[in-house]
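> With the input below, show me the fold.
(4 chains)
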There are 4 protein chains.
Amino acid sequence: MTDPTDAETACFEAGIKFGSLYHQFAGTPLSLESAASIEAAMEESIENQPHCESVTVSVQRDALEAELAASSADYTELTGRFLEVEIVVDYEGQTVVTRMAMEDGYPLMRLESVHDRE
Amino acid sequence: MTDPTDAETACFEAGIKFGSLYHQFAGTPLSLESAASIEAAMEESIENQPHCESVTVSVQRDALEAELAASSADYTELTGRFLEVEIVVDYEGQTVVTRMAMEDGYPLMRLESVHDRE
Amino acid sequence: MTDPTDAETACFEAGIKFGSLYHQFAGTPLSLESAASIEAAMEESIENQPHCESVTVSVQRDALEAELAASSADYTELTGRFLEVEIVVDYEGQTVVTRMAMEDGYPLMRLESVHDRE
Amino acid sequence: MTDPTDAETACFEAGIKFGSLYHQFAGTPLSLESAASIEAAMEESIENQPHCESVTVSVQRDALEAELAASSADYTELTGRFLEVEIVVDYEGQTVVTRMAMEDGYPLMRLESVHDRE
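Numbering: from 1, shown residues only, chains lettered A, B, ... in the order given. As a prediction, this is how the structure comes out:
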């Protein structure tokens, strides 16, 4: 057993941001009209968290439009299949890039890269 | 026992919007910088719900600033003491106005008026 | 315009409980093994709210089992299509019974009855 | 830039669990009577997530009792100051132990240890 490295802590911090973002906002009523405002709120609220460099949220309008067209409703609930997200965390000079996108029908959160800035 | 009236159903619908708004967004990381975007997202997402005429959310900057000044943090969590909310529901011609504001240290959701449009 | 009646306020209160329950817990990771504990937590937490007589939550095991069988995952997210809920509110002698169940593929929250106890 | 190690991915996964747990359940109505059921639901629901070995949630009854005694209410909202949490993640033989507890008035999520099982 060893003490966590800065890179490992940076990865832990990046995971916290992803879990927070997803479980805070999953279930929010979502339409094409409200997509832009929820994107902005998700980005700006999670960027408040410590060590969070940037959050980029993109509601997938095509997937949303397809779901709404297939039903009689004019809104649905925010869930992973309407989201692409990139989060960049910096902790003690370690930069971590993480991404969420659909894979095989599931929203997969993935650690893309860990990078020592110096 | 009687069938619910349209006015009663309108009040039920208004309550749903309030409970939804509060429990969807409580806990969101909140700072002075992100206050405007969460206001917009709360308004536009809940306005998607059926029979919802308008939602007006005002993050209380004074209360937020006071809390942040009293701590070492630059953000906190969204909770009722930072919110004033008005929601107007229209159901079958019955207009219901509801409001949430702090009272005796608690965020109180209150039914203000029920109004037959005709 | 008139002041709200006790029955109308009771209906408003019932709506708050429903919106709260749904948006607090939508998105929770859910499996057959964890269904009983989330049912209990939903019931007991919402029963804390004012004027709430009883909350009965039933996770629909058949629907959940069917969804899990159709996918490669062993859990999913809690959403309305796995829920049947009954909430009873009592406000100033007015008893309101409300129910949520699937209708035409949507989770519908419905005001069942408003009843003066005396 | 290098590919993430298994230990780093394990730390990322542990962070996801923490962020999920906190932002799914923050804001839930909480009393001494409902504390046990929310503990169980938090544990069992997050244990559904991939690579999650165990989740242990302890609602701090003393802190909760003190808060309720200081107010006129018989319930409050779940937030970090009522929680101690331990989460153990195992990813490809890397075991990560993480903990949340109050520190200087803030709920701090901390990476305790990263451990190669072999």
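> Kindly provide the distance from the residue nearest the centre of chain A to chain C.
Residue closest to the average C-alpha location in chain A (Cα atoms, centre = their mean): A:V85, at 3.8 Å. A:V85 sits 15 Å away from chain C, going by Cβ to the nearest Cβ, to the nearest Å. Where you see a C-beta, it was placed from the backbone N, CA and C, and this is true even at glycine.
> and that residue, that's in a strand?
Yes: under DSSP: H, G, I helix; E, B strand; the rest coil, A:V85 sits within a strand.
> can you tell me the helix or strand for the nearest residue to it once chain neighbours are set aside?
Computed as Cβ to Cβ, 6 or more residues apart in numbering or on different chains, the closest residue to A:V85 that is not its neighbour in sequence is A:M100, at 4.3 Å. Per DSSP states H and E: A:M100 is located in strand A:94-103.
> now swap in A:E53 and tell me
strand A:52-59.
> Would you mind pulling up the elements that that strand packs against?
helix A:6-25, helix A:35-46, strand A:83-91 (3 or more Cβ pairs under 8 Å, 6 or more residues apart in numbering or on different chains; DSSP states H and E).
> Please tell me how far A:F82 sits from chain D.
18 Å.
> So which of the helices and strands packed on strand A:52-59 is the most surrounded?
Stretch with highest mean neighbour count among the helices and strands packed on strand A:52-59: helix A:6-25 (a mean of 27; mean count of other Cβ atoms under 10 Å in any protein chain shown).
> Beyond it, next helix or strand please.
Next along from helix A:6-25, by DSSP H and E: strand A:29-30.
> so where is chain A shaky, pLDDT-wise?
A:1-2, A:118 (pLDDT under 70).
> and stretch A:71-86, how far out from the chain's middle?
14 Å (Cα atoms, centre = their mean, to the nearest Å).
> which of the residues in it are buried?
Neighbour counts using 16 or more other Cβ atoms under 10 Å in any protein chain shown place A:Y75, A:T76, A:E77, A:L78, A:T79, A:G80, A:F82, A:L83, A:E84, A:V85 of stretch A:71-86 among the buried residues.
> what's the span of that stretch from first residue to last?
One end of stretch A:71-86 to the other measures 29 Å (Cα to Cα, to the nearest Å).
> Doesn't A:P50 belong to a strand?
No: counting by three-state DSSP, one finds A:P50 to be coil, located in no strand.
> For chain D, what's the nearest residue on chain A?
A:G15 (2.2 Å; Cβ to the nearest Cβ).
> Correct me if wrong: that residue contacts D:I16.
Yes: counting by Cβ atoms under 8 Å, A:G15 does reach D:I16; the two are 4.2 Å apart.
> Find residues that contact each of those two.
A:M109 (Cβ atoms under 8 Å, 6 or more residues apart in numbering or on different chains).
> Contacts only, for the closest residue in space to A:I38 that isn't next to it in sequence.
With sequence-adjacent residues excluded and distances taken as Cβ to Cβ, 6+ apart, A:I38 is closest to B:A41, at 4.9 Å. With contact set as Cβ under 8 Å, 6+ apart, B:A41 has these partners: A:T28, A:S34, A:S37, A:I38, A:A40, A:A41, A:M42, B:F25.
> A:V57 and D:H115, how far apart?
34 Å (Cβ to Cβ, to the nearest Å).
> Have a look at those two and say which one is more surrounded.
A direct count of neighbours by other Cβ atoms under 10 Å in any protein chain shown for A:V57 and D:H115 places A:V57 higher, at 21 against 17.
> does chain D sit close to stretch A:103-114?
Yes: using Cβ under 8 Å from any Cβ of the partner chain, stretch A:103-114 reaches chain D at A:M109, A:L111, A:E112, A:S113, A:V114.
> before we move on, the earlier item: burial measure for the residue nearest to A:V85, as a count.
19.
> got the residues of chain A near chain C?
So chain A meets chain C at A:Y22, A:H23, A:A26, A:G27, A:S71, A:S72, A:A73, A:E77, A:T79, A:D104, A:G105, A:Y106 (Cβ under 8 Å from any Cβ).
> What is the nearest of those to chain B?
A:G27 (6.4 Å).
> Confirm for me that that closest one is in contact with C:L21.
No: using Cβ under 8 Å, A:G27 is not in contact with C:L21, being 11.6 Å away.
> quick revisit: next, the angle from the strand holding A:M100 to helix D:6-25.
70 degrees (axes from the mean of the first three to the mean of the last three Cα atoms, to 10 degrees).
> got a list of contacts for strand A:94-103?
Taking Cβ under 8 Å, 6+ apart as the rule, strand A:94-103 contacts A:6-7, A:9-11, A:13-15, A:17-18, A:22, A:53, A:80-81, A:83-90, A:107-117, D:12.
> pull the CA atoms of that strand into CSV?
Coordinates of each C-alpha in strand A:94-103 appear next as CSV, following Å, rounded to 0.1, in the frame of the first residue of the first chain:
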residue,chain,number,x,y,z
GLN,A,94,-1.5,17.0,-13.1
THR,A,95,-4.0,17.6,-15.8
VAL,A,96,-6.7,15.0,-16.3
VAL,A,97,-9.1,14.9,-19.3
THR,A,98,-12.3,12.8,-19.0
ARG,A,99,-15.2,12.3,-21.4
MET,A,100,-18.7,10.8,-21.4
ALA,A,101,-20.4,9.6,-24.5
MET,A,102,-22.7,6.8,-25.5
GLU,A,103,-21.1,3.4,-26.2
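> Okay, and the beta partners of A:V57?
A:V85 (DSSP bridges).
> how close does the residue in chain A positioned nearest to chain B get to A:Y22?
The minimum distance from chain A to chain B, using Cβ to the nearest Cβ, falls at A:A41 (3.4 Å). Distance of A:A41 to A:Y22, given as Cβ to Cβ: 14 Å.
> And A:K17, how close does it get to A:E43?
11 Å.
> swap in A:V59?
Taking Cβ to Cβ, one finds A:V59 at 11 Å from A:E43.
> ok, now A:L68?
23 Å.
> Repeat that for A:R110.
19 Å.
> What of A:D104?
Taken as Cβ to Cβ, the span from A:D104 to A:E43 is 27 Å.
> and A:A101, what are its bridge partners?
A:L108.
> A:V97 now?
Under the criterion used (DSSP bridges), A:V97 bridges to A:V88, A:S113.
> Can you report how many residues lie near it?
By other Cβ under 10 Å, neighbour count at A:V97 equals 19.
> repeat for A:C52
21.
> same check, this time on A:R99
Using other Cβ under 10 Å: A:R99 sits among 17 other residues.
> same check, this time on the one 5 residues further on
One way to gauge burial is a neighbour count; for A:D104, by other Cβ under 10 Å, it gives 8.
> how about it, what does it touch?
With Cβ under 8 Å, 6+ apart, A:D104 has these contacts: C:S72.
> so how far is A:Q60 from it?
For A:D104, the distance to A:Q60 - Cβ to Cβ - is 16 Å.
> ok, now how distant is A:C11 from A:R61?
Taking Cβ to Cβ, one finds A:C11 at 31 Å from A:R61.
> coming back round to it: quick check: angle from the strand holding A:E53 to helix A:35-46?
160 degrees.
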